[in-house]
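[1] Structural data only, the sequence is not supplied:
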């Protein structure tokens with residue numbers, strides 16, 4: 001359900017996180033404060049999606065300027081004991097976790113630039129209480145437990161999150177506690193996030209790494225940094241569209257929409273075959289390029305200015321055949337994450353994405369910290385000659401890439417979603433619905449979606465269409481060569497997105513995806 005206010009609004013994928021953020025807004029906290037409190041709660045109640053053992057990106061805006069903070073971990077100085085990276089298990093947990101560095105940098109921003117008086121104990125108290133006193137397992141977690149029941153059997157650490165004492169998967173509504181994580185969060189609330197990388201907790205994590213054999217050391221934690229980066233941007237229609245720079249795939253989300261600057265989508269039937277064909281073909285071309293090019297910019301040679309130039313956009317558009325689908329044989333990049341956003345009473349917006357990479361990450365808990373570690377190392381390419389191949393200290397290519405759009409007329413839109421390859425695809429739908437078709441956020445989030453490729457669930461490489469797309473549209477796309485597969489209307493497989501709209505008259509609106517359990521609240 002949409003929330004509307006002339007003060008603050010917040011939306012997250014879980015009502016408990018939304019409530020925690022709303023409490024902070026009501027107490028005079030900034031949008032960053034609210035997002036931090038909500039993100040901490042999600043790290044407890046959504047262990048299949050995110051956690052403090054993962055990465056995080058922050059998109060910050062005062063309505064006129066957009067900034068990005070990047071809390072991304074890097075590879076250790078040596079490979080795991082197994083000698084190579086794996087998709088799951090200890091050898092997939094071979095990168096550090098950057099989320100807590102990102103939280104710390106965002107809190108400094110909130111305090112020094114936005115005047116926050118909130119402390120870590122203030123912000124982490126709701127998360128600690130839920131971990132210590134218990135919370136109910138969400139329907140979304142239960143869904144993903146069913147999807148990954150074989151993985152849960154293979155990786156015993158996941159039993160603590162997903163199974164009862166008899167080894168049965170937890171049903172929705174089952175009450176669970178996470179006392180070890182509560183202890184860790186309480187410790188961090190007292191001493192600060194730096195301890196995760198350089199203090200007592202860092203030592204405990206390093207000891208856990210040694211037992212796990214994931215190749216990481218305490219020195220690798222110390223080297224982990226978060227940084228402020230200038231966002232990438234393009235002119236899209238009558239406004240500016242922003243996204244994150246490499247190693248995220250934001251470059252390719254922007255490039256796909258940049259190509260569509262050459263076609264008047266608003267003249268096409270909304271949700272029709274022409275509309276969907278142009279979006280699908282634009283992103284297919286960019287995902288092909290991403291799979292060959294995207295890497296840590298510190299060790300790569302991406303010419304971002306050229307790739308986002310008007311000339312390149314025109315060239316990309318000219319490769320789209322309006323009557324025929326291009327072949328598709330790319331390997332999908334599964335991933336999972338959460339997007340949440342908040343706007344405060346001063347009109348400042350903070351969007352946060354947190355991720356363990358794949359759902360349930362590596363499946364490994366580090367020592368007795370209660371921290372489920374990410375499997376972001378699985379994002380490296382296995383070909384040692386590839387630009388995204390593993391190397392000591394290198395960051396893998398990232399799927400996280402939330403967007404912001406500042407229109408020339410003063411309207412602001414902030415949106416993002418989970419879903420690996422599905423992230424840029426769903427963001428294209430949201431951007432075109434909000435900008436080209438001038439749809440309100442509730443209609444943009446309900447608009448039928450497509451999904452090219454496997455993304456984060458095992459299926460086919462077909463073009464998947466939600467069933468509220470007209471059958472005649474599917475038939476027309478099939479005649480152009482698209483291999484169509486129908487999925488349910490409002491399918492969570494297309495990702496759980498969220499959006500905030502800030503209007504020139506001072507109204508703020510927020511809504512999370514009707515495909516999930518997310519909620520929005522306003523002051």
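    All right, it came through fine. The shown structure was predicted, so the numbers you read here are calculated from the model rather than taken from an experiment. Residues are numbered from 1 along each chain as shown.
[2] only C-alpha atoms for contact and neighbour calcs from this point on.
    OK.
[3] remind me which residues of the stretch 151-300 of the chain are low pLDDT?
    Within the stretch 151-300 of the chain, the segments meeting pLDDT under 70 span 300.
[4] quick one: contacts for residue 238?
    Residue 238 makes contact with 407, 408, according to Cα atoms under 8 Å, 6 or more residues apart in numbering.
[5] gap between it and residue 401?
    22 Å (Cα to Cα, to the nearest Å).
[6] any chance you could map the strands in the stretch 301-450 of the chain?
    Ranges of strands within the stretch 301-450 of the chain are 336-343, 349-357, 365-366, 371-372, 403-407, 412-417, 450-452, based on DSSP state E, counting those that start in this stretch.
[7] Count the neighbours of the residue nearest to residue 155 when sequence neighbours are not counted for me.
    Closest residue to residue 155 apart from its sequence neighbours, by Cα to Cα, 6 or more residues apart in numbering: residue 363 at 6.1 Å. Residues lying near residue 363 (other Cα atoms under 10 Å) number 28.
[8] which residues sit against stretch 411-418?
    Contacts of stretch 411-418 (Cα under 8 Å, 6+ apart): 63, 335-341, 351, 400-406, 423, 426-427, 430, 434, 495-504.
[9] Recalculate using a threshold of 6 Å.
    Contact with stretch 411-418 is made by 336-339, 402-406, 423, 495-504, as judged by Cα atoms under 6 Å, 6 or more residues apart in numbering.
[10] And the helices in the stretch 251-400 of the chain?
    With DSSP state H, counting those that start in this stretch as the criterion, the stretch 251-400 of the chain has helices at 273-293, 304-307, 310-318.
[11] Tell me the helices and strands packed up against the first one.
    Read that as helix 273-293. Helix 273-293 is packed against helix 250-259, with contacts defined by 3 or more Cα pairs under 6 Å, 6 or more residues apart in numbering; DSSP states H and E.
[12] Can you name the next helix or strand after the lowest-mean-pLDDT helix or strand in the chain?
    Least confident element among the helices and strands of the chain, by mean pLDDT, DSSP states H and E: helix 159-162 (a mean of 88). The helix or strand immediately downstream of helix 159-162 is strand 175-176, counting by DSSP states H and E.
[13] Check the burial of residue 162 by counting its neighbours.
    24.
[14] for the one 5 residues further on, same thing?
    Around residue 167 sit 12 other residues, with neighbours defined as other Cα under 10 Å.
[15] and if you look at residue 293?
    By other Cα under 10 Å, neighbour count at residue 293 equals 16.
[16] so what's it closest to, chain neighbours aside?
    Residue nearest to residue 293 in three dimensions, not counting chain neighbours: residue 387, with 6.5 Å by Cα to Cα, 6+ apart.
[17] distance of that neighbour from residue 374?
    Counting by Cα to Cα, the gap from residue 387 to residue 374 is 22 Å.
[18] Next: residue 174.
    In terms of Cα to Cα, residue 174 sits 25 Å off from residue 374.
[19] Have a look at these two and say which one is more surrounded.
    residue 374 (34 against 13).
[20] isn't the more buried one right up against residue 359?
    No: in this structure, residue 374 is not within contact of residue 359 by Cα atoms under 6 Å, at 9.1 Å.
[21] where does residue 128 land in three-state SS?
    Counting by DSSP: H, G, I helix; E, B strand; the rest coil, the backbone at residue 128 sits in helix.
[22] element containing the nearest residue to it once chain neighbours are set aside, please.
    What sits nearest to residue 128 in space, not counting adjacent residues and going by Cα to Cα, 6+ apart, is residue 182, at 5.1 Å. Assigned by DSSP H and E, residue 182 falls within helix 179-191.
[23] Same list, the helices of the stretch 251-400 of the chain, but as a markdown table with distance to residue 452 please.
    A markdown table is the format used below for the helices of the stretch 251-400 of the chain (distance: least, Cα to Cα, whole Å):
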| stretch | distance to residue 452 |
| --- | --- |
| helix 273-293 | 7 |
| helix 304-307 | 22 |
| helix 310-318 | 18 |
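[24] how about those, which one is nearest residue 463?
    helix 273-293 (8.5 Å; Cα to Cα).
[25] ok, back up a step: report the buried residues of the least confident helix or strand of the chain.
    Across helix 159-162, burial judged by 16 or more other Cα atoms under 10 Å covers 159, 160, 161, 162.
[26] so which of the helices of the stretch 251-400 of the chain is the most packed in?
    helix 273-293 (a mean of 20; mean count of other Cα atoms under 10 Å).
[27] ok and that one relative to helix 250-259, angle-wise?
    140 degrees (axes from the mean of the first three to the mean of the last three Cα atoms, to 10 degrees).
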